[in-house]
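>>> next input, structure requested:
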Amino acid sequence: MLEMSLGILLPVLSLIGFIVFIIVLIKQFKHGGALQGILGIITCGLWTFIWGWIKHQSLAMTKLMIIWTILQVTPIVLLGVFGAAMVGQMYQMVTEFTGDPSLLMQQDQKQVAMPGFKKKGAPIKPSKRSAKDDPAGKNVNWNARAMALWKDGKYTDPQKARSYWDRAIATHPKVAEAYNNRGLAFYNLKLYQEAIKDFSQSIRMKSGYAEAFNNRGNAYYELDQYEKARADFDRSIQIKPKYSKAHMNRGLANFQMEDIDQACNDFRKACDLGECDGLKWSIKNGSCK
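Purely as a prediction, here's the structure:
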């Protein structure tokens, strides 16, 4: 709507301004001579505009020059006002569709735990976006505060991280990654049902979110719901076939379900993709060769 208004108004103002320029230019040729007129043309009307104001009283064209001045200034004002409004509209559209851009980051859990199987942290390093805190808390970057607590595959203070994600989500409720990240805070607090709710919400908002499927599978695994866990790992791998963590986790779920051959296949695939801890563990305990 704003673009259409500008698209109609600016050409009209330009046309009227050009007509006024021609009128003043004719007077410039007539009363100032050919040299003055040629200078007006060479300077794209700038000298004609200046000359017009110099001669506006003697040639009785004060009103004409006022109109020309208004026509020169109005487009600049309109572009400033409408431009700011369009930027605001664009920002609103972006935030309504994706939420605060600073929240568009994700974390995922490395792998589920097995007796004798040592977890090794490998968090996804978040992008950084600076934000200053204000006393009222309106401009606090809760996202950045929460991410600062993420270290070696878990939150150093999951309760505080949960609180920060609560506030981030309250401010921008349409960001799938924020729900995934709060789900990990619940996971670290061993509140697996709450974690599952957040991971599920994240998946509803972003159906191709492989990390969220992997994380929800981890939570189901911790609740000994291995079939549901395996189904989520399956879906994660379908979305992201080279997702080594999901292959690792599916191997562990298959192992718990006593599907040893499939578990070994998953461990081998994970190792091919760079995650070899599961295969080493299974070979060490004699499950895989």
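>>> check which helix or strand covers Gly230.
In this structure residue 230 is Arg, not Gly. helix 226-239 (DSSP states H and E).
>>> show me what that helix is in contact with.
Helix 226-239 is contacted by residues 112, 208-211, 213-214, 216-218, 220-221, 243, 246-247, 249-250, 253-254, 256-257 when judged by C-beta atoms under 8 Å, 6 or more residues apart in numbering. No exception for glycine: its C-beta is placed from N, CA and C like everyone else's.
>>> got it, and stretch 38-57?
21, 24-25, 27-28, 31-32, 36-37, 61-62, 64-65, 68, 72.
>>> go again with 6 Å.
Phe21, Val24, Leu25, Gln28, Thr62, Met65 (C-beta atoms under 6 Å, 6 or more residues apart in numbering).
>>> if we can go back for a sec, tell me which residues in the helix holding Arg230 are buried?
Tyr226, Lys228, Ala229, Arg230, Ala231, Asp232, Phe233, Arg235, Ser236, Ile237, Ile239 (16 or more other C-beta atoms under 10 Å).
>>> how far away from the center of its chain is whatever helix or strand comes next after that helix?
As assigned by DSSP H and E, the chain's next helix or strand after helix 226-239 is helix 244-256. In terms of C-alpha atoms, centre = their mean, to the nearest Å, the centre of helix 244-256 is set 31 Å apart from its chain centre.
>>> now do the domain split for the chain, please.
The chain is divided into the following domains under automatic domain parsing: 2-98, 101-284.
>>> now tabulate these in a markdown table and tack on mean pLDDT.
Below are these laid out as a markdown table (pLDDT from 0 to 100):
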| stretch | mean pLDDT |
| --- | --- |
| domain 2-98 | 77 |
| domain 101-284 | 82 |
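>>> for those, which one ends up most surrounded?
Among these, judged by mean count of other C-beta atoms under 10 Å, the one packed with the most neighbours on average is domain 101-284 (a mean of 20).
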